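Q: structure here, sequence nowhere to be found:
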């Protein structure tokens, strides 16, 4: 994302992973990169645009974390700025629970990924917690493979709840699904554009 924007704009990236920031530093050497949690960052600057894509918000397991992130965005947006983000919807995540695992080869290595409902429940009335299980089979030698496995939680939040969380400080500009249709809880993804509310 930063690499696509950097030629025309000054860009800043926030991530809590030093490894991801190292990759970003190599890919976009002119970017300002900050090691921070997206629910707690304080950069001492305002921005014309804040972007949070690739269902990053879904990785926050509690609605309180979503609200904290929205608060940080509001503090960092310039008047008239734009906040753009996307989410996996509750409907999509539920459909993935019942679907087959994804499988993909990349070079000599393979990956399998499936999505199931979490054993623990999300906060009452907030949404549903899903667990993405990612298994990477790294070819080690001949027919031997090394298994890397990670479980990644994602919180599906109803779109009405997202709108309510943003309503005190933001005005909705647009909410669309993948094909530009109005976003619903049954859309595969929902894309939002908001502006900070004028005082």
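A: Noted; the coordinates are in hand. Everything quoted here is computed from the prediction, not taken from an experiment.
Q: going by C-alpha atoms from here, please, whenever you check contacts or count neighbours.
A: OK.
Q: tell me the mean pLDDT for the strand or helix carrying residue 22?
A: Residue 22 is located in helix 18-27, with elements delineated by DSSP states H and E. When pLDDT is averaged along helix 18-27, the result is 96.
Q: for stretch 186-199, same thing?
A: Mean per-residue pLDDT for stretch 186-199: 92.
Q: list the buried ones in it?
A: Going by neighbour count (16 or more other C-alpha atoms under 10 Å), the buried part of stretch 186-199 is 186, 187, 188, 189, 190, 191, 192, 193, 194, 195, 196, 197.
Q: who's the fifth one bridged to?
A: The one in question is residue 190. The partner list for residue 190 in beta bridges (DSSP bridges) reads residue 87.
Q: touching, it and residue 179? I think so.
A: No. Between residue 190 and residue 179 there is no contact, the gap being 10.0 Å when judged by C-alpha atoms under 8 Å.
Q: follow-up on the earlier one: packing partners of the helix holding residue 22?
A: Using 3 or more C-alpha pairs under 8 Å, 6 or more residues apart in numbering; DSSP states H and E as the contact criterion, the secondary-structure elements in contact with helix 18-27 are strand 32-35.
Q: buried sites along the strand it packs on?
A: Judged by neighbour count (16+ other C-alpha under 10 Å), strand 32-35 contains these buried residues: 33, 34.
Q: one more: stretch 70-82?
A: Judged by neighbour count using 16+ other C-alpha under 10 Å, the buried positions of stretch 70-82 are 70, 71, 72, 73, 74, 75, 76, 77, 78, 81, 82.
Q: can you name the residues in contact with stretch 164-177?
A: By C-alpha atoms under 8 Å, 6 or more residues apart in numbering, the surrounding residues in contact with stretch 164-177 are 67, 70, 74, 182-184, 187-197.
Q: stretch 100-115 - what's its average pLDDT?
A: So the average pLDDT for stretch 100-115 ends up being 95.
Q: again with stretch 149-167
A: The average pLDDT for stretch 149-167 rounds to 96.
Q: distance between the ends of that stretch?
A: When the termini of stretch 149-167 are compared using C-alpha to C-alpha, to the nearest Å, they are 38 Å apart.
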